[in-house]
Each structure stands twice: as C-alpha cells, then as structure tokens.
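K.L.:
I'll drop the sequence and a predicted model, then ask my questions.
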Amino acid sequence: RSTVASLEKSIELKLAETDPYAEQVNEMESQALQEINFDKINELTKYGDHLKFLLDLLTSKDSFVRKKIIDQNLSYLNARLTHYLDKIGLPHQVVFQNDLNVEITELGRELDFDNLSRGERNRLILSLSWAFRDVWENLYQNINLLFIDELIDNGLDTAGVENALGLLKKMSRERHKSIWLVSHKDELTGRVENILKVIKENGFTSYNTDIDIA
C-alpha cells in the first residue's frame with residue numbers, strides 16, 4: 001500500500017509538471033516538417049551519381065580520360081623535370097608514367113624515394129616543384145611568386161646549394177619571378193639582393209630589412 005501510494009503521488013506530480021519540450025515540438029510540427037518531393041530527390045540522386053561518374057573519370061587510375069589528359073602534358077613534364085635535375089646536379093633519371101607512377105633509376109638500377117639520401121631527396125623535391133609549376137603555367141598563366149621554405153637548408157651540400165641558387169637567380173632574371181628564400185643559413189645573406197630578417201622572441205615576432213616594405 002505504501003508503494004502504491006508513493007507511485008500515485010509521483011504520477012500526480014508528473015501530471016502537474018510543464019512539458020519543457022512542448023513548445024519545440026509544436027514549432028517543429030508547424031514549421032520544420034516539409035512535404036517530401038520524391039521527384040526532386042530522384043533528380044538530385046541522379047545528378048549526384050553523374051558527378052561521381054565524372055569525378056571517377058578524372059581521378060581513377062584506370063580511367064582512359066585521366067590517362068589521355070595526363071598524356072597531353074606528360075612529355076613536357078618529364079622534359080622540364082629532366083632539365084631541372086640536370087641543372088641541380090642529381091644524376092638519377094626520374095620519369096612519370098601516364099598513371100602518375102614515377103620511375104627512379106640510376107645507372108640502370110631501379111630505386112624508390114626511400115633509397116635516396118636526404119640531399120638527393122631535396123634536389124628531387126625542388127625539381128618536381130619547379131617542373132609542375134612549369135606545366136601549370138604552360139596550361140594557364142604565369143605565376144610570378146615563388147617561396148622556397150628551408151629546402152636549401154637541409155641536406156644540400158655546397159654544390160647543391162650553389163646549383164639551386166643558380167636556378168633561382170635565373171628564374172628571377174629571365175622569367176621575372178619574385179622569389180622568397182626562407183633560410184637559416186647565414187652564408188646566404190651575401191648571395192641575395194634583399195634580406196628580411198625575422199626574429200621571434202618571447203612569443204612575439206619582429207623583423208627588420210634593408211628595404212622599405214609597405
């Protein structure tokens with residue numbers, strides 16, 4: 001009897017309470033619910049499937065369309081890559097296939113990227129970056145801004161640094177590139193036209209330069 005009386009009292013208290021969700025439920029019933037248009041749903045589903053099909057044509061390794069697009073620019077990419085590798089002093093042959101797999105060989109010996117030393121990797125990364133930029137510029141328009149972020153600092157010997165600087169200066173002079181070389185090498189300060197020194201102390205960054213920057 002005591003249990004029944006306690007349950008009855010609890011029920012009375014619950015009945016007297018105000019439902020905190022009643023207003024939200026009423027609002028959703030009057031405004032949030034929308035009539036389902038299956039014709040529109042089917043139309044969007046068909047359109048989504050069509051876009052996915054087009055995306056697969058452009059991105060799938062087995063797509064003949066993707067291979068055709070790559071083939072149109074592959075010879076130019078490999079030619080520019082070979083040019084930069086030769087100028088930067090990497091003796092390896094690096095050739096892209098039409099599925100964008102890459103073959104790296106040295107004196108007939110097949111290698112992969114992990115077989116290369118740190119300096120050889122940096123030479124290859126720089127050459128790849130410049131070659132792909134050339135392809136993009138050949139297809140669309142020139143890019144007059146180029147940032148090299150500490151790639152010359154890590155792993156390159158003296159000859160590698162000299163070769164990289166020579167290429168960058170030639171780009172700046174002949175192709176009118178604005179080149180920003182981020183480096184911790186103090187010996188490079190005498191090799192460039194303008195210097196912007198960035199100093200970070202106590203969480204704040206300051207800079208000084210030998211030219212006026214707006």
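P.N.:
The structure has been received and is ready for your questions.

K.L.:
direction included, what does the helix or strand of the chain with the lowest mean pLDDT pair against?
P.N.:
Here the helix or strand of the chain ranked lowest by mean pLDDT, DSSP states H and E is strand 204-209, holding a mean of 82. Strand pairing for strand 204-209, determined by DSSP bridges: strand 196-201 (antiparallel).

K.L.:
in the strand it pairs with, which residues are buried?
P.N.:
Neighbour counts over strand 196-201 (16 or more other Cβ atoms under 10 Å) mark no residue as buried. C-beta: built from backbone N, CA, C; applies to glycine.

K.L.:
can I assume Phe147 sits in a strand?
P.N.:
Yes: with DSSP: H, G, I helix; E, B strand; the rest coil as the criterion, Phe147 is part of a strand.

K.L.:
roughly how far does it sit from Leu13?
P.N.:
Remark: distance between Phe147 and Leu13 (Cβ to Cβ, to the nearest Å) = 69 Å.

K.L.:
tally of neighbours for the nearest residue to Asp149 once chain neighbours are set aside?
P.N.:
Taking Cβ to Cβ, 6 or more residues apart in numbering as the measure, Asp149 lies nearest to Val182, with 4.5 Å between them; neighbours along the chain are not counted. Neighbourhood size, Val182 [other Cβ atoms under 10 Å]: 13.

K.L.:
can you verify Gln31 is assigned to a helix?
P.N.:
Yes: under three-state DSSP, Gln31 falls within a helix.

K.L.:
neighbours of it, just the number please.
P.N.:
Applying other Cβ under 10 Å, we find 8 other residues in the vicinity of Gln31.

K.L.:
cool, and the one 5 residues further on?
P.N.:
A total of 8 residues lie near Ile36 under the criterion other Cβ under 10 Å.
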